[in-house]
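# Below are the sequence and a predicted model; questions follow.
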Amino acid sequence: AGLDSSIARAGLVKPRVWQGEVWRLLTGAMLHGNVWHIWMNATSGIMLALLIERTAHRHVLLPLWLLGALGGSLSSLVFFPEATSVGASGGLMGFVGFLAVLGWKRKHLLPPQFAANIFRSVGFMAVFGLLAWSVIDNAAHLGGLLTGGLVGYWLCRYQEGGLPLPDTGWRTVLGRSEEHTSELQSR
């Protein structure tokens, strides 16, 4: 229908959120400003999702992205209450925050430079955000990063834990656990 029309209907138009259209906190993360914007977020998202899937667990992906997107939108809403935002960066930065904590809490199970590389990526994004502050919602980036970090800290709160993260009931709400899938295949 066109970018302006889409943003008017579902973007993170903050005055509309304050008026009760709270769904915009998530729908704004589904919209993008142009093809370049969606391409950058999609390629970053695929790479980060593969890394999380291989190091942590595939059931973490969707809840983590949703929480990161929500945390990013809420942060943007608080710090820039009048600006309009679109893009999946809050969710993607949630992935990065999760990976940073995973690299810190499970460093003995990951390659030696894992955490350092993730922290370098955070630094790169911070510099990029400062240089392009007029087109990047840095509050959404920070909110998503912190939310993902909190999720990572909660999931890795026990030092003796391993990788991949074990199946639990809440992780299988959106998918089948490995044990359940094996049971079904053996029948």
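Nice, I can see it. Numbering: from 1, shown residues only.

# Gly33: helix or strand, and which one exactly?
Under DSSP states H and E, no helix or strand contains Gly33.

# looking at it, Ile38 is touching His32, isn't it?
Yes. Counting by Cβ atoms under 8 Å, Ile38 does reach His32; the two are 4.0 Å apart. (Each C-beta comes from the backbone N, C-alpha and C, glycine too.)

# Tell me which of those two has more neighbours.
Set Ile38 next to His32 and count neighbours by other Cβ atoms under 10 Å: His32 wins out with 19 against 15.

# Next, work out how far apart that one and Gly20 are.
25 Å (Cβ to Cβ, to the nearest Å).

# and Leu50, how many neighbours?
Neighbour tally, Leu50, other Cβ under 10 Å: 12.

# Secondary structure class of it, three-state.
Put simply, Leu50 is helix when judged by DSSP: H, G, I helix; E, B strand; the rest coil.

# what residues does stretch 32-48 touch?
Stretch 32-48 is touched from outside by Leu3, Trp65, Val86, Gly87, Ala88, Ser89, Gly91, Leu92, Phe95, Val96, Leu99, with contacts defined as Cβ atoms under 8 Å, 6 or more residues apart in numbering.

# and the third one, what pLDDT?
It stands for Val86. Val86 carries a pLDDT value of 94.
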